[in-house]
Each structure stands twice: as structure tokens, then as C-alpha cells.
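Visitor: I would like the atomic coordinates for the input below:
(chains A, B, C and D)
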Number of protein chains: 2
Amino acid sequence: MDVRTMCLGLLVKQEATGYEIKKAITNGHASIFYDASLGAIYPALNRLTEDGLVTCEELSQDKRPDKKVYRITTKGMNTFEMALLQPPTADKFRSDFLAAMFFCGQMPESRLVEILDEREEFHADRLAALKELEQESQSVGETFLTRYAMMYHASNVQFLKENRYLLEADQNEDDNAEAVQ
Amino acid sequence: MDVRTMCLGLLVKQEATGYEIKKAITNGHASIFYDASLGAIYPALNRLTEDGLVTCEELSQDKRPDKKVYRITTKGMNTFEMALLQPPTADKFRSDFLAAMFFCGQMPESRLVEILDEREEFHADRLAALKELEQESQSVGETFLTRYAMMYHASNVQFLKENRYLLEADQNEDDNAEAVQ
DNA sequence: CGCTAGATATATCAGACTGATATATGACAG
DNA sequence: CTGTCATATATCAGTCTGATATATCTAGCG
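Guide: Numbers count the residues shown, from 1 in each chain, chains lettered A, B, ... in the order given. Now for the predicted structure:
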């Protein structure tokens, strides 16, 4: 799902500014399955406006910078619904953490242990944050997503606790082998 | 981890051609946590060669097009080890499937059911493929990654079976509400 | 009081990357 | 003979990231 389609989808749910869309993607339920930079969001909104899929209204604010509120049009609704009927493309996933595990033979053991500890903490933190997000679920889709993300992070914590010995033991063997030489 | 660093890492393990690197990323253990296009791999290898981090040897082949074999240099080894010492960046994840679940209120129920069925099948297929990949694990990192991926896909299948009713029930209610109107 | 950091807002841009396409050799199936 | 697939190389238009820029205001700290 490209950034324009994602913006359309969020605007189906609620009119928003570019800044609010970025916040929804960063902190809301959409953060579970999507990310996009401001560098992509603002041009996408401009393009959607040019194409007549959304409208843009500039508003002044007290004590705040002026803002641009985007609303989806009927044409935009139709375009989004057509997009949803396309087959979903494959997930896109890149993990520096898993890459580090893949190349763990090339790193010092102390570094490996540090990364594993940080990763367990990261997943535990995300789990706690999701308990709060769960209160904010307003549709079955959001509930489903939150439960999915909680399952994901909980199973990652458990997997790390149960399997990190595989990597740590090997490093001990490596270090011992080095000491013997 | 950008494409140049990933190429370096794979070349630490084994000299390879651009085509072989793409295959390793698509079919090997690296596919669990990474993807990159040929459009990024070939320019990355060229840049690594220019920077002296790898060498490039052109070989003729019988019954096959000529190939370019890349080997890492000592400078490349050092660069890669330095890269591994940097803090891992956040995972990058985009899921069209989860996006479809997020926007499921905007799609017909038949479509939703179809997507859920396909997704269960996808995870089951990946699980079967990983059982084969497991036989090919040659390091503790590869074993760890394979187990991680198997856990990931198995828990996704289970989660879908146990939770898809949330989405399907709501759609039934929506459809029934529409029928009543 | 002044400074810094953060939130709220908009936006741009160099460089990295995707996905499609192109060309080429050869094997295999229909 | 044709089409598809595997093995190989490569390019490129368009998309996107991550950093940066500018601006208004509030809150906290010394």
C-alpha cells in the first residue's frame, strides 16, 4: 500500500492534517503495520489534492501555526475502495536486529548479549504501550490489530527468553576456542 | 542495514555474484529478515568495488552467461565489523494484509474472508518451506533465525484461526444491518 | 529573564531504493 | 518452433527515507 493510498484510507476514517496523519501512523493503530516519513506524506497529500481525491482547507489557529485540513472526496472514496479490492502485496520487512543475529559470529559476545537484552526490553515496552492502545480501539479492525500486535510482541519476548541460549552458548564456545589458541 | 552493508555481510560468509546475492536474500536464511531488489544490489556492488571494500572478478562460463564474482577485502571486513557495532535501527515493516484488516469496514465480507483464507494458507506454506530451510542451517545464527521464523508463522496461523471471527462477525452484522434497512 | 526542549505546523531535497524492464545464453516442455 | 524458466548482467522513472529548515507557542530549568 503506497503512501497516497494509506493517506486516503486514513482520511476515509477522519479528516486530518499532514501532521495528524504522521501522528496516526506513528502512535495510532496504523503504527502496527505501517510507517511513512513526512517527506512522503506532504507530497502525497499535494498529489491527492491535484488529482481531486481530497480537498484542502487552510485554517488559522490561535497560538499555533496555520494548518491545512484534508478531506476525502467521493472520487477519493471510490479510488480507495478500488485499491482495497486489489490483491494485498507481500509484507515488506527489514530487521536490523535479526540481521545482527544472522551475523552474530562476526561480533563480540558482549555486544550480542547487549543487543538481546535491549530487544527483550523493546518488545516488553511495546507490549505495555499496546495495553494502552487497546483502550482506544474503536472498531473490530483496530481490536484485531491490537491483539495481533500484542501476540507478536509477547511471542517475541518468550521466544528470545527460550532461545537466546543458542547464540550465547556458541559465543562462549568461540571465546573459549580463542582463549585456547 | 542498507543494501551495501547487507552485501558486505553476505560476502563475509561467502564470495558471490550479484545474482547469487539476490537468490540468498530471496530464498536463503536472509529472506527471513531482509529483502532487496536487483536495482539496489548491482549499484551497491559497484559502489563497494569503487570504495575498495570488495573485489570483482569476471569469469566466463560454459553454456551460461559470463559472471562477476565479488569477494570482500580486509578493508571491507573492517567496515562490516564497524557497522555491526552500531546500534541496530528499528525494524521496518509494512503489511498490506494488516492494512486490509484495518480498513476491513470498507470492503465486502466475501473479500475479507478470501483475504483471511489466503493469509492462513500463506503462513502455512511458509512454515512448510522453513522446515526445509531448517535442514540447511549451518550456524547458530541460521538456526536461531529459522526457529524464529517458524515461531512467527505458526503463531500467525494460530492467531488468525482464533481471532478472525472478530472481523467476520462484524461483517455479518454489517450485512444484516444492511439487509434490514 | 533567558535558554532549551518539546509540541504543533508546514515543507524540501539528496541519496537510496523499488519494481519493471531490457538483453543474453541455454534447457526443457508442449 | 514457441514459450517459460534459470542463469546472468544491467538500467531507470518514480517513490521514499531521513535529515533539515522554518515558524509559533508552552513548559521547565538555572
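Visitor: element containing the residue of chain A found nearest DNA strand D, please.
Guide: With C-beta to the nearest atom of the strand as the measure, residue A:39 is the residue of chain A nearest to DNA strand D, at 1.6 Å. The C-beta positions use only the backbone N, C-alpha and C, and glycine is treated the same way. Secondary structure assignment for residue A:39, by DSSP states H and E: helix A:38-50.
Visitor: what helices and strands are in contact with that helix?
Guide: Packing partners of helix A:38-50 (3 or more C-beta pairs under 8 Å, 6 or more residues apart in numbering or on different chains; DSSP states H and E): helix A:3-13, helix A:18-27, strand A:54-61, strand A:64-72.
Visitor: so in terms of bridging, what pairs with residue A:58?
Guide: Under the criterion DSSP bridges, residue A:58 forms beta bridges with residue A:68.
Visitor: that one: neighbour count?
Guide: Residue A:58 has 8 neighbours, counted by other C-beta atoms under 10 Å in any protein chain shown.
Visitor: for it, what are its contacts?
Guide: A:66-69 (C-beta atoms under 8 Å, 6 or more residues apart in numbering or on different chains).
Visitor: give me the buried entries from those residues.
Guide: Neighbour-count burial (16 or more other C-beta atoms under 10 Å in any protein chain shown) is assigned, among the contacts of residue A:58, to residue A:68.
Visitor: which ones among the contacts of residue A:58 also lie next to DNA strand C?
Guide: A:66-68 (C-beta under 7 Å from any atom of the strand).
Visitor: what about the nearest residue to residue A:85 once chain neighbours are set aside, which helix or strand?
Guide: Using C-beta to C-beta, 6 or more residues apart in numbering or on different chains and skipping the chain neighbours, the partner closest in space to residue A:85 is residue B:111 (6.5 Å). Using DSSP H and E, residue B:111 falls within helix B:109-135.
Visitor: packing partners for that helix?
Guide: Using 3+ C-beta pairs under 8 Å, 6+ apart, helix B:109-135 sits against helix B:96-102, helix B:140-180.
Visitor: which one of those helices lies closest to residue B:88?
Guide: helix B:140-180 (14.2 Å; C-beta to C-beta).
Visitor: for that closest one, what is the distance to the chain centroid?
Guide: 19 Å (C-alpha atoms, centre = their mean, to the nearest Å).
Visitor: give me the angle between it and helix A:109-135.
Guide: 10 degrees (axes from the mean of the first three to the mean of the last three C-alpha atoms, to 10 degrees).
Visitor: what angle sits between helix B:140-180 and helix B:3-13?
Guide: 140 degrees.
Visitor: other SSEs contacting helix B:140-180?
Guide: helix A:96-102, helix A:140-180, helix B:109-135.
Visitor: deepest-packed of these, please.
Guide: Using mean count of other C-beta atoms under 10 Å in any protein chain shown, the stretch among the helices and strands packed on helix B:140-180 with the largest mean neighbour count is helix A:96-102, at a mean of 24.
Visitor: flag every buried residue along stretch A:67-82.
Guide: Per 16+ other C-beta under 10 Å, stretch A:67-82 contains these buried residues: A:68, A:70, A:72-73, A:76, A:79-80.
Visitor: give me the contacts around it.
Guide: With C-beta under 8 Å, 6+ apart, stretch A:67-82 has contacts from A:5, A:7-9, A:11-12, A:15-19, A:21, A:45, A:48-49, A:52-59, A:61, B:103, B:106-107.
Visitor: give the rounded mean pLDDT of it.
Guide: For stretch A:67-82, mean pLDDT rounds to 97.
Visitor: check whether that stretch comes near DNA strand D.
Guide: No. Stretch A:67-82 is not in contact with DNA strand D by C-beta under 7 Å from any atom of the strand; minimum separation 10.5 Å.
Visitor: okay, that stretch in CSV with CA atoms only?
Guide: The C-alpha trace of stretch A:67-82 is given here as CSV (Å, rounded to 0.1, in the frame of the first residue of the first chain):
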residue,chain,number,x,y,z
LYS,A,67,-2.9,24.3,9.4
LYS,A,68,-4.2,22.5,6.3
VAL,A,69,-7.1,20.1,6.8
TYR,A,70,-7.6,17.4,4.2
ARG,A,71,-10.9,15.8,3.5
ILE,A,72,-11.6,12.9,1.1
THR,A,73,-13.9,13.4,-1.9
THR,A,74,-16.4,10.9,-3.4
LYS,A,75,-13.9,10.3,-6.1
GLY,A,76,-11.3,9.6,-3.4
MET,A,77,-13.6,7.1,-1.7
ASN,A,78,-14.1,5.2,-4.9
THR,A,79,-10.4,5.1,-5.6
PHE,A,80,-9.7,3.8,-2.1
GLU,A,81,-12.3,1.1,-2.4
MET,A,82,-10.9,0.0,-5.7
